[in-house]
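**Q** using only what follows, build the 3D model:
(chains A, B, C and D)
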2 protein chains.
Amino acid sequence: MAATIKDVALVAGCSMKTVSRVINNEPYVKEDLRTHVQTVIRSLGYAPNISARRLVQNKSFIICILLYPGFNQEASQILSTVMDITHDEDYDILIQPYFPSNKRSRNKLVELIAEHRIDGFVITPPCDSDSFLIDMLVTYKVPLVQINPFDPTPQIPSISGEDRAGGFQMTEYLITLGHREIAYLMGSRNMRSSFDRLEGYKAALQAHHLPFEPSLVENSENNFDGGYTACKLLLQRNAGVTAVFAGNDEAAYGVIFALQEMGIPVPRHISVCGYEDLAQSKKIWPGLTTIHQPADDMIAQATHMLISILKGNPPQKQQILIPSRLVPRGSTGPVRLS
Amino acid sequence: MAATIKDVALVAGCSMKTVSRVINNEPYVKEDLRTHVQTVIRSLGYAPNISARRLVQNKSFIICILLYPGFNQEASQILSTVMDITHDEDYDILIQPYFPSNKRSRNKLVELIAEHRIDGFVITPPCDSDSFLIDMLVTYKVPLVQINPFDPTPQIPSISGEDRAGGFQMTEYLITLGHREIAYLMGSRNMRSSFDRLEGYKAALQAHHLPFEPSLVENSENNFDGGYTACKLLLQRNAGVTAVFAGNDEAAYGVIFALQEMGIPVPRHISVCGYEDLAQSKKIWPGLTTIHQPADDMIAQATHMLISILKGNPPQKQQILIPSRLVPRGSTGPVRLS
DNA sequence: CTGTTAGCGCCTTCAT
DNA sequence: ATGAAGGCGCTAACAG
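**A** You can find the predicted model right below:
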């Protein structure tokens, strides 16, 4: 069997506690004793048993990121980021699917809190739209950090994107290119970002003295099929559209596909843009114009924030805003002079 | 504090062991006692402490998937799959980055084995090209399942794709479309699949009495930039190419991008195909022809296999082969009659 | 600076 | 069919 702290103490001729001090880099051990213990540790191939430590400290050293399984593309970048973090930190990171209001998801959550004693959670939209989730975490006093929450609360730390500003920037950019009939694909209604971006869109129109035309707003899911379908519906109803502002990059891919299928050149006849700047967006021809606001960065920040809270260092600012930045690529161009 | 098994025993008026039996669905508890204990458990809101169980059983109930961080697109699908599994299983799944022969990766691995006592590993290529890794796992007797290993060993269970067959199918398909000058982008040399697909490519040429032309084989990394660069080099050297068989889908995206950039229509002038069938491949216009052999399925199978091994049920077959299937889409077409 | 003692919450073993 | 005792490996609290 593997060596224990007791074995090391025996061989090193000191107490268990001293060995413990050495392992945990605690002070109050004379330098030569410390090095001696370290030698013994190495010679025995001793490694601390994390489970025992977890038990006695009543901590799991595991944090959990709750993700809505609908977002596929995002996931790849999130995974890389998470892997970076686990590479460096003491905490293990568990990624769990969470469907808001879903019975099984809720049961799993309870299990995670009650049995696994997960130390903290990172919540991504639209998971926060399930009030059961937040209630549960608050009741059990499990630390959490929210990403783009629908209702930011001062008590709960969060990372949010400047969606209103992003919606404004993008719309203004399209207006500058000469577009007047700009469609907006509104994403899921249980995410605040959908509404905020719409606000920005409206504000930009107003700033340029353009009318807001409700029929140019199409409800759709923020994914490929959503964008595809919305685009077709929209063009049926509204032949004059010269630009489509999709709810996110994935939806924009759907829009582009639909347009190509209909033989409408992008961006020569219709410009398309998204929101998020997935890695894929610079790989599809002719490159997708979008707002840079990557989920992975936000997850990384949230995770680091959570870990530092768990380590007893509350953040300076509870609510962090990530600025949005326009990334122009080939999928948008000047409106065609007809 | 949370209730313990002791509290439940006290309230229920029985011994701890009886409570333990109830929790774990063990036999030898009278039916009415069992239901009574269950009632008490519910009323106290008792939940077993996983850390304690882990300590006493000397198991972590955690398995680890080692992933090379280079594959970004795959990751998204892997994550979804993994989330599905954790939703159902008792095991937590940790996803860890692993760079073959990298010092930090190796240290992390040792930590995972020695301190975290990870119960089992799923190894993906090219991680298995680091012999330290396999040695480590075998020495410590940690169960593992390999995916597409370079050197399959009868002793180590593995899931592999039929890469040779896939390479053959795709090449033959292109030949059937009339292509004669078919370029092959060879991926990483520390993955067996690169070589096997090349074999399939050669075999198909031979079966159709076509010469194998070494200058049509280009070494490249299996990613977007690799495909992009290889495509440009290739066309400089070899103007007559009418089809490009990329090492995987990501590389194919790079090829398509390069061709579009050069104003070469796909598939009218040059056909392009990939290997893997990522979700993205049906979303880019005009759809990527590819071989269906998704990493996520293989990971899912490997993970289930590992878990069943850990539960004491060795698999019937140690080496599992996943058949490859051709998925024709819009990126390939008949060769142009010039 | 170093050591002793007493659990953490659960399961295993062996009685009853 | 049920229970009592002991210990997994570690650290916290308190002595020295």
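
**Q** for the stretch 1-150 of chain A, which spans come out with low pLDDT?
**A** A:1, A:71-76 (pLDDT under 70).

**Q** grab the nearest non-local neighbour of the one residue in the stretch 51-200 of chain A that gets nearest to DNA strand D.
**A** Here the stretch 51-200 of chain A gets closest to DNA strand D at one residue, residue A:52, 3.4 Å apart by C-beta to the nearest atom of the strand. (C-beta placed from N, C-alpha, C; glycine too.) Nearest residue to residue A:52, sequence neighbours excluded (C-beta to C-beta, 6 or more residues apart in numbering or on different chains): residue B:55, at 5.2 Å.

**Q** stretch A:142-149 and chain B in contact?
**A** No - on the criterion C-beta under 8 Å from any C-beta of the partner chain, stretch A:142-149 is out of touch with chain B, staying 12.2 Å away.

**Q** ok, and what's touching that stretch?
**A** By C-beta atoms under 8 Å, 6 or more residues apart in numbering or on different chains, the list of residues contacting stretch A:142-149 from outside reads A:113, A:118-125, A:128, A:134, A:137, A:152, A:156-161, A:163, A:191-193, A:295, A:298-299, A:302-303, A:305-306, A:309-310.

**Q** out of those residues, which are inside strands?
**A** Among those, DSSP state E puts A:120-123, A:158-161 in strands.

**Q** neighbour count and distance to residue A:258 added to these, as CSV?
**A** Converted to CSV, the ones in strands among the contacts of stretch A:142-149 look like this (neighbours: other C-beta atoms under 10 Å in any protein chain shown; distance: C-beta to C-beta, whole Å):
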residue, neighbour count, distance to residue A:258
A:120, 21, 42
A:121, 27, 38
A:122, 27, 34
A:123, 25, 33
A:158, 22, 35
A:159, 23, 33
A:160, 20, 31
A:161, 26, 26
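
**Q** now do the end-to-end distance for stretch A:157-165.
**A** 21 Å (C-alpha to C-alpha, to the nearest Å).

**Q** what's in contact with it?
**A** Outside stretch A:157-165, the residues within contact range by C-beta under 8 Å, 6+ apart are A:144-149, A:152, A:192-193, A:196-197, A:199-200, A:203, A:293, A:298, A:301-302, A:305, A:309, A:315, A:318-324.

**Q** show me which of these are buried.
**A** With burial judged by 16 or more other C-beta atoms under 10 Å in any protein chain shown, the buried subset of the contacts of stretch A:157-165 is A:144-149, A:152, A:192-193, A:196-197, A:200, A:203, A:293, A:298, A:301-302, A:305, A:309, A:320, A:322, A:324.

**Q** just the residues you listed that are near DNA strand C?
**A** By C-beta under 7 Å from any atom of the strand, no member of the buried ones among the contacts of stretch A:157-165 lies near DNA strand C.

**Q** related to what we said a few turns ago, could you say which helix or strand holds the residue of the stretch 51-200 of chain A closest to DNA strand D?
**A** Using DSSP states H and E, residue A:52 sits within helix A:50-57.

**Q** distance from that helix to the middle of the chain?
**A** With C-alpha atoms, centre = their mean, to the nearest Å as the basis, helix A:50-57 stands 30 Å off its chain's centre.

**Q** hmm, that helix in reach of DNA strand C?
**A** Yes - counting by C-beta under 7 Å from any atom of the strand, DNA strand C has neighbours in helix A:50-57: A:52, A:55-56.

**Q** from what I see, residue A:191 and residue A:126 are in contact.
**A** Yes - counting by C-beta atoms under 8 Å, residue A:191 touches residue A:126, with 5.1 Å between them.

**Q** which of the helices or strands spans residue A:43?
**A** Going by DSSP H and E, residue A:43 is part of helix A:31-44.

**Q** which strands and helices sit next to that helix?
**A** Judged by 3 or more C-beta pairs under 8 Å, 6 or more residues apart in numbering or on different chains; DSSP states H and E, helix A:31-44 is in contact with helix A:5-12, helix A:16-23.
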